[in-house]
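Participant: from the sequence below, what's the structure:
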Amino acid sequence: KTDFALLCPNCHKAVHIYLREENLQYEEAKIKIRNILKR
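Facilitator: Residues are numbered from 1 along each chain as shown. A predicted model of the protein is given here:
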């Protein structure tokens, strides 16, 4: 399965912001972003 965060530069940056700002794990940050994108 391809990691969408690595394919999309903005998503990749957003993952790192969540890791730093909200102290999330990588998978948790990806889930949060995926849920935002589904809206």
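
Participant: from Val15, how far off is Gln25?
Facilitator: Distance, Gln25 to Val15, using C-beta to C-beta, to the nearest Å: 10 Å. Where C-beta positions appear, they are placed from N, C-alpha and C, glycine not excepted.

Participant: who's more crowded, the two?
Facilitator: Val15 (23 against 10; other C-beta atoms under 10 Å).

Participant: which secondary structure element contains the more buried one?
Facilitator: Assigned by DSSP states H and E, Val15 belongs to helix 9-21.

Participant: which other helices and strands does whichever helix or strand comes after that helix contact?
Facilitator: Beyond helix 9-21 in the direction of the C-terminus, DSSP H and E gives the next helix or strand as helix 26-38. On a contact count with 3 or more C-beta pairs under 8 Å, 6 or more residues apart in numbering; DSSP states H and E, helix 26-38 meets helix 4-7, helix 9-21.

Participant: try it again at 6 Å.
Facilitator: Contacts defined by 3 or more C-beta pairs under 6 Å, 6 or more residues apart in numbering; DSSP states H and E place helix 26-38 against helix 9-21.

Participant: from the chain's centroid, how far away is the helix it packs on?
Facilitator: Centroid displacement of helix 9-21 relative to its chain, using C-alpha atoms, centre = their mean, to the nearest Å, is 6 Å.

Participant: CA-only coordinates of it in PDB, if you can.
Facilitator: Provided in PDB are the C-alpha atoms of helix 9-21 (Å, rounded to 0.1, in the frame of the first residue of the first chain):
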ATOM      1  CA  PRO A   9       4.200  17.200  -0.400                       C
ATOM      2  CA  ASN A  10       1.500  19.200   1.400                       C
ATOM      3  CA  CYS A  11       0.300  16.100   3.200                       C
ATOM      4  CA  HIS A  12       3.800  15.100   4.100                       C
ATOM      5  CA  LYS A  13       4.400  18.600   5.600                       C
ATOM      6  CA  ALA A  14       1.100  18.400   7.500                       C
ATOM      7  CA  VAL A  15       2.100  15.000   9.000                       C
ATOM      8  CA  HIS A  16       5.300  16.500  10.300                       C
ATOM      9  CA  ILE A  17       3.400  19.500  11.800                       C
ATOM     10  CA  TYR A  18       1.000  17.100  13.600                       C
ATOM     11  CA  LEU A  19       4.000  15.100  14.800                       C
ATOM     12  CA  ARG A  20       5.600  18.200  16.200                       C
ATOM     13  CA  GLU A  21       2.700  20.300  17.400                       C
END
